[in-house]
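[1] sequence-free structure coming up:
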């Protein structure tokens with residue numbers, strides 16, 4: 001029996017999305033000044049590109065797993081493409097679009113009656129065109145704009161709203177959770193999750209959450225050239241704890257009774273840990289300068305408005321009592337939040353939120 005045209009189209013789109021996703025990672029490696037700093041995102045891009053290719057391979061043999069891989073990879077690339085779009089949009093945006101189209105084609109390839117999928121896809125495209133025309137006008141005809149029509153739900157996340165930051169990570173978590181559904185196949189015999197077993201799993205997961213908190217605190221304290229130790233905010237620590245707890249609980253449940261709950265618990269837990277451990281501290285002091293970022297606590301609380309940074313003391317200024325170190329002071333502002341800092345060489349000696 002020959003391969004259906006819809007299956008061939010789905011495979012072509014998915015392989016194309018995988019190639020562009022891997023190309024996005026390669027482009028970032030070639031352009032970035034710090035491969036180590038971009039490494040977490042590069043690893044995610046590489047894994048997502050591999051998931052697209054795996055979906056194309058698996059789709060013909062196991063349609064359900066193929067669709068889960070395709071949809072999960074498309075969701076993850078929607079988030080990753082949004083994050084990398086400002087610097088690598090030439091490859092990232094088309095990868096997002098091909099991924100979304102490949103996921104729709106995979107759904108059609110699995111369906112016995114493809115008409116409902118086709119109607120849903122036409123409605124999806126019509127909404128995308130309507131939203132895009134309202135905001136772009138004639139720019140609708142540009143190649144990048146045409147690509148963004150296919151990912152209009154993700155595009156809404158890049159609008160300047162306080163929810164856009166967390167929305168990107170929620171989509172990434174949904175993508176990873178969907179990918180992990182491939183591992184959540186029910187076995188013939190699975191453990192009965194009794195109340196006692198749930199309590200045991202909960203206790204073990206709480207211990208892992210506490211362990212994640214402890215490691216995060218140590219990781220912040222040892223980075224004396226950054227403001228990480230000053231940013232141990234209660235909300236940030238809560239996200240770290242939840243990330244450790246959900247990751248552990250999801251892994252245990254997947255092992256004992258595979259299902260969607262375990263897959264998405266791992267997805268959200270891993271992304272919570274990824275968010276907190278990879279977010280750049282507000283201030284990083286270096287011998288010849290430094291770098292600044294928006295504090296994670298401000299992002300989590302949805303503090304809006306553009307961020308601004310001011311600094312002084314550059315160019316070799318030496319303050320009395322600083323041991324001959326170059327001193328740099330500055331201020332961070334976003335919305336109604338203001339923080340000040342003071343670097344002496346590559347050591348951050350003061351960081352405080354003044355309001």
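    Great, that's in hand. Computed from a predicted model, the values in this text were never measured in an experiment.

[2] what's the burial count for residue 338?
    By the criterion of other Cβ atoms under 10 Å, residue 338 has 14 neighbours. (Glycine included, C-beta is placed from N, CA and C.)

[3] what bridges to it?
    Following DSSP bridges, residue 338 is listed with bridge partners residue 333.

[4] what residue ranges in the stretch 151-300 of the chain score low on pLDDT?
    Residues of the stretch 151-300 of the chain that meet the criterion pLDDT under 70 lie in 157-163, 186-191.

[5] And the helices in the chain, which stretches?
    With DSSP state H as the criterion, the chain has helices at 5-31, 35-58, 63-110, 115-136, 143-149, 152-155, 164-180, 195-222, 234-256, 260-278, 296-300.

[6] Let me have those in TSV, extended by mean neighbour count.
    Formatted as TSV, the helices of the chain follow (neighbours: other Cβ atoms under 10 Å):
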stretch	mean neighbour count
helix 5-31	20
helix 35-58	19
helix 63-110	25
helix 115-136	13
helix 143-149	18
helix 152-155	19
helix 164-180	21
helix 195-222	15
helix 234-256	20
helix 260-278	21
helix 296-300	20
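
[7] Next, format the ones you listed as CSV and append distance to residue 228.
    CSV is the format used below for the helices of the chain (distance: least, Cβ to Cβ, whole Å):
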stretch, distance to residue 228
helix 5-31, 24
helix 35-58, 15
helix 63-110, 21
helix 115-136, 38
helix 143-149, 35
helix 152-155, 30
helix 164-180, 19
helix 195-222, 4
helix 234-256, 10
helix 260-278, 10
helix 296-300, 10
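
[8] between those, which gets nearest to residue 327?
    Nearest of the helices of the chain to residue 327, taken as Cβ to Cβ: helix 195-222 at 22.7 Å.

[9] Quick one: work out the angle between the closest one and helix 260-278.
    On the basis of axes from the mean of the first three to the mean of the last three Cα atoms, to 10 degrees, helix 195-222 is oriented at 10 degrees to helix 260-278.

[10] Now residue 211: closest residue in space, sequence neighbours ignored.
    residue 244 (6.4 Å; Cβ to Cβ, 6 or more residues apart in numbering).

[11] tell me the contacts of that neighbour?
    Shown in contact with residue 244 (Cβ atoms under 8 Å, 6 or more residues apart in numbering): 205, 208-213, 269, 273.

[12] Nearest to residue 84 among those residues?
    Nearest to residue 84 among the contacts of residue 244, counting by Cβ to Cβ, is residue 273 at 20.2 Å.

[13] What sits closest to the closest one if chain neighbours are left out?
    Excluding its sequence neighbours, the residue lying closest to residue 273 (Cβ to Cβ, 6+ apart) is residue 243, at 3.9 Å.

[14] circling back: could you dump the contacts of residue 244 to JSON lines with distance to residue 119?
    What follows is the contacts of residue 244, written out as JSON lines (distance: Cβ to Cβ, whole Å):
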{"residue": "205", "distance to residue 119": "42"}
{"residue": "208", "distance to residue 119": "45"}
{"residue": "209", "distance to residue 119": "44"}
{"residue": "210", "distance to residue 119": "50"}
{"residue": "211", "distance to residue 119": "49"}
{"residue": "212", "distance to residue 119": "45"}
{"residue": "213", "distance to residue 119": "48"}
{"residue": "269", "distance to residue 119": "36"}
{"residue": "273", "distance to residue 119": "40"}
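
[15] these two touch, right, residue 351 and residue 285?
    No: Residue 351 lies out of contact with residue 285 (Cβ atoms under 8 Å); the separation is 9.8 Å.

[16] more neighbours, those two?
    The neighbour comparison of residue 351 against residue 285 (other Cβ under 10 Å) goes to residue 285, with 25 against 22.

[17] Quick check: closest non-adjacent residue to that one.
    Using Cβ to Cβ, 6+ apart, the closest residue to residue 285 is residue 343 (3.6 Å).

[18] check contacts around the residue lying closest to residue 265 once chain neighbours are set aside.
    Nearest non-adjacent residue to residue 265, counting by Cβ to Cβ, 6+ apart: residue 250, 3.1 Å away. Residue 250 is in contact with 261-267, 269, counting by Cβ under 8 Å, 6+ apart.

[19] again, but for residue 21
    Residue 21 sits next to 45, 48-49, 52, 73, 77, 80, 92, 95, 99 when contact means Cβ under 8 Å, 6+ apart.

[20] what's the closest of those to residue 167?
    Nearest to residue 167 among these, with distances taken as Cβ to Cβ, is residue 80, at 13.6 Å.

[21] Residue ranges in the stretch 1-150 of the chain under the pLDDT threshold?
    Along the stretch 1-150 of the chain, the parts satisfying pLDDT under 70 run over 1-2, 86-87, 89, 135-145.

[22] any idea how far the nearest residue in space to residue 105 that is not next to it in sequence is from residue 234?
    The shortest distance from residue 105 to any residue other than its chain neighbours is 3.6 Å, reached at residue 10 (Cβ to Cβ, 6+ apart). As for residue 10, its distance to residue 234 is 46 Å (criterion: Cβ to Cβ, to the nearest Å).

[23] and if you look at residue 345?
    31 Å.

[24] any idea how far residue 333 lies from residue 207?
    To residue 207, residue 333 is 40 Å away according to Cβ to Cβ.

[25] swap that for residue 5, sorry
    53 Å.

[26] Test my guess that residue 253 contacts residue 261.
    Yes: assessed by Cβ under 8 Å, residue 253 is found in contact with residue 261 at 6.0 Å.

[27] Mind listing the shared neighbours of those two?
    With Cβ under 8 Å, 6+ apart as the test, residue 253 and residue 261 reach no residue in common.
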